[in-house]
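> Pasted the sequence and its predicted model underneath.
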Amino acid sequence: MERKTSLPLAPPFMVSAPGKVILFGEHAAVYGKPTIAAAISLRSYLLVTTLSKSQRIVTLNFSDIGLNHTWEIDTLPWVTFQSRNTSFYTIVESLDPELLNAVQPHAELVSKHLPEKQRKMHTRSATAFLYLYLSLGSPLTAGFIYTLRSTIPIGAGLGSSASVCVCLSAALLIQNRTLAGPHPDQPPEEAKVQLDRINRWAYVAEMCIHGDPSGVDNAVSTGGKAVVFQRSSGPSVVTPIANFPKLRLLLIDTQQSRSTAMQVAKVKALKQRHPLMTEHILDGIGRLTTSALELISSADFKGNAVSPHDVPSALECLGDLISMNHGFLVSLGVSHPRLERIRELVDYADIGWTKLTGAGGGGCAITIFRPGVEAEVIDELGDKLADEGFKKYETILGADGVAVLSPAVFRNSTVGACEEINQDKFEKAVGAEGIERLVGVGVREDREGWKFWTRASA
Ligand SMILES: Nc1ncnc2c1ncn2[C@@H]1O[C@H](COP(=O)(O)OP(=O)(O)OP(=O)(O)O)[C@@H](O)[C@H]1O
Ligand SMILES: C[C@@](O)(CCO)CC(=O)[O-]
């Protein structure tokens with residue numbers, strides 16, 4: 001008797017999405033002023049490996065947080081999810097409490113042996129994954145392993161959770177074949193529809209992790225580049241900024257943990273004690289953001305030299321606005337001695353313009369480089385920062401958004417060689433450098449692989 005030949009397994013594929021920084025307008029954003037946020041070149045990478053049909057399991061392998069859990073596909077609450085008739089094009093604006101309840105016991109199965117704080121982190125990620133997997137997946141498909149590695153520090157206000165959510169959303173939409181492309185001839189309107197779809201489902205996952213997020217992080221992570229974000233009484237408005245310059249950025253992590261909610265409450269209390277002055281400051285931040293936006297939209301950031309006749313370059317003007325924004329944030333009381341120490345060290349090295357980013361009270365500072373800063377100066381500063389327990393990252397502002405590598409193979413166009421990325425290689429890559437060397441988006445120019453959806457520029 002002839003043996004039945006089994007179908008070949010679908011090859012592994014990868015998706016990747018960037019983190020973000022707030023460039024202008026944090027805290028004032030809470031009071032309806034505009035904010036500018038930009039994608040950075042630190043990214044999350046998700047490898048999806050298909051299992052044979054007989055393996056009826058799905059594994060989440062999130063090694064940055066030490067989460068590795070396997071569920072039996074047939075034990076998951078498919079019936080509850082399918083009763084909703086949700087489709088990939090459904091616009092989900094809030095979480096369905098009954099679906100959350102159905103997911104909860106399965107998310108609670110993870111990492112039972114860990115202390116409460118770490119376990120909570122794991123259950124949040126598991127909840128986001130299961131909610132999306134059950135909404136977009138099918139019990140009839142093969143089993144999968146979802147392996148995630150990220151170069152974005154977690155809990156530093158750099159949108160690490162949003163980039164994870166964008167990766168999950170893109171991967172699941174690719175798996176249920178509801179994304180076309182990305183491909184070189186794709187009309188921009190079609191690319192926009194795809195990006196919107198990824199963003200909407202990423203927001204659903206972000207809601208599972210953060211409760212009531214504004215949506216700015218997942219929007220930047222999906223589309224990349226930069227956006228203006230403004231909260232309003234209706235849905236928040238997110239507008240992509242056309243032609244955002246790819247500026248070099250130094251990102252310095254204080255490694256000082258902070259609570260966003262506490263910093264926001266601090267400003268609220270200040271506003272209650274000194275309403276007029278605080279409103280002036282918030283208004284000032286809002287105007288600063290608008291000025292920065294005008295500058296970014298109209299100026300040429302390509303010229304590296306300082307302009308002749310002592311006319312400041314666009315970059316210098318942007319730098320002034322960065323410094324002013326930090327000053328306003330200090331007045332609101334949301335800086336921290338560690339952030340001020342960073343400013344002192346960076347100002348002394350005279351390499352650019354610095355402000356805190358995000359909620360403050362710890363977290364990260366950003367510095368936009370002056371043109372022509374020498375590598376030795378940066379290295380010297382790096383040593384000083386390391387001595388004092390700060391962690392520095394060099395990154396590019398306005399990085400590309402969600403990307404796909406399908407199949408997970410890089411081609412070197414000059415030598416014609418191919419490099420396959422498999423589970424083992426990906427898991428064994430050491431640290432952020434190892435991940436970037438192996439699969440980094442935009443890291444190695446000598447090979448082809450990652451593809452992006454391209455929006456029309458406004
Ligand atoms: N690399 C990662 N792998 C798995 N889960 C992650 C990762 N990064 C973030 N998460 C999930 O997101 C949750 C929230 O992250 P947290 O808010 O601390 O950081 P963040 O997203 O970097 O910060 P922010 O939202 O202020 O920018 C974590 O508890 C975890 O569940
Ligand atoms: C401080 C804040 O403006 C930014 C935190 O990253 C809070 C918010 O906008 O939700």
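Okay, I see it. Ligands and ions are numbered 1, 2, ... in the order given.
> quick one: is the top strand by length along the chain near ligand 2?
Here the longest strand in the chain is taken by residue count, with DSSP state E as the criterion, and it is strand 35-50. No - figure legend: strand 35-50 not in contact with ligand 2 (Cβ under 6 Å from any ligand atom); closest approach 6.8 Å. The way it works is simple: take the backbone N, C-alpha and C, and place the C-beta from them, glycine included.
> neighbouring strands for that strand, and are they parallel or not?
Take DSSP bridges as the rule and strand 35-50 pairs in its sheet with strand 13-24 (antiparallel), strand 144-150 (antiparallel), strand 226-230 (antiparallel).
> Among the ones you listed, show me which one is buried the most.
strand 13-24 (a mean of 28; mean count of other Cβ atoms under 10 Å).
> for the strands paired with strand 35-50, which one sits closest to residue 337?
Taking Cβ to Cβ as the criterion, residue 337 comes closest to strand 13-24 out of the strands paired with strand 35-50, the separation being 21.0 Å.
> What is the distance between that closest one and the centre of its chain?
When C-alpha coordinates are averaged (Cα atoms, centre = their mean, to the nearest Å), strand 13-24 and its chain have centres 3 Å apart.
> ditto for stretch 413-424
Centroid separation for stretch 413-424 versus its chain: 26 Å, with Cα atoms, centre = their mean.
> Can you give me the buried ones in that stretch?
residue 421 (16 or more other Cβ atoms under 10 Å).
> Now do that stretch: distance from first to last residue.
As for stretch 413-424, its first-to-last residue distance stands at 25 Å under the measure Cα to Cα, to the nearest Å.
> List of residues touching it?
By Cβ atoms under 8 Å, 6 or more residues apart in numbering, the list of residues contacting stretch 413-424 from outside reads 12, 14, 47, 49, 145, 147, 405, 407-412, 438-439, 446-448.
> hang on, isn't residue 112 packed against residue 119?
Yes - applying Cβ atoms under 8 Å as the test, residue 112 and residue 119 come out as touching, 7.4 Å apart.
> okay, those two: which has more neighbours?
When residue 112 is set against residue 119 and neighbours are counted by other Cβ atoms under 10 Å, the residue ahead is residue 119, at 16 against 8.
> and the more buried one, what element?
When secondary structure is defined using DSSP states H and E, the element that contains residue 119 is helix 116-136.
> Would you mind putting the CA coordinates of that helix into PDB?
Output in PDB follows, covering the C-alpha atoms of helix 116-136 (Å, rounded to 0.1, in the frame of the first residue of the first chain):
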ATOM      1  CA  GLU A 116       3.600  38.100  41.300                       C
ATOM      2  CA  LYS A 117       5.200  41.100  39.500                       C
ATOM      3  CA  GLN A 118       6.900  39.000  36.800                       C
ATOM      4  CA  ARG A 119       3.900  36.700  36.400                       C
ATOM      5  CA  LYS A 120       1.700  39.700  35.800                       C
ATOM      6  CA  MET A 121       4.000  40.800  33.000                       C
ATOM      7  CA  HIS A 122       3.700  37.300  31.500                       C
ATOM      8  CA  THR A 123      -0.100  37.100  31.800                       C
ATOM      9  CA  ARG A 124      -0.500  40.500  30.200                       C
ATOM     10  CA  SER A 125       1.500  39.400  27.100                       C
ATOM     11  CA  ALA A 126      -0.300  36.000  27.100                       C
ATOM     12  CA  THR A 127      -3.700  37.700  27.200                       C
ATOM     13  CA  ALA A 128      -2.800  40.000  24.300                       C
ATOM     14  CA  PHE A 129      -1.600  37.000  22.300                       C
ATOM     15  CA  LEU A 130      -4.500  34.800  23.000                       C
ATOM     16  CA  TYR A 131      -7.100  37.500  22.400                       C
ATOM     17  CA  LEU A 132      -5.600  38.200  18.900                       C
ATOM     18  CA  TYR A 133      -4.900  34.500  18.100                       C
ATOM     19  CA  LEU A 134      -8.500  33.500  19.000                       C
ATOM     20  CA  SER A 135      -9.900  36.500  17.100                       C
ATOM     21  CA  LEU A 136      -7.900  36.100  13.900                       C
END
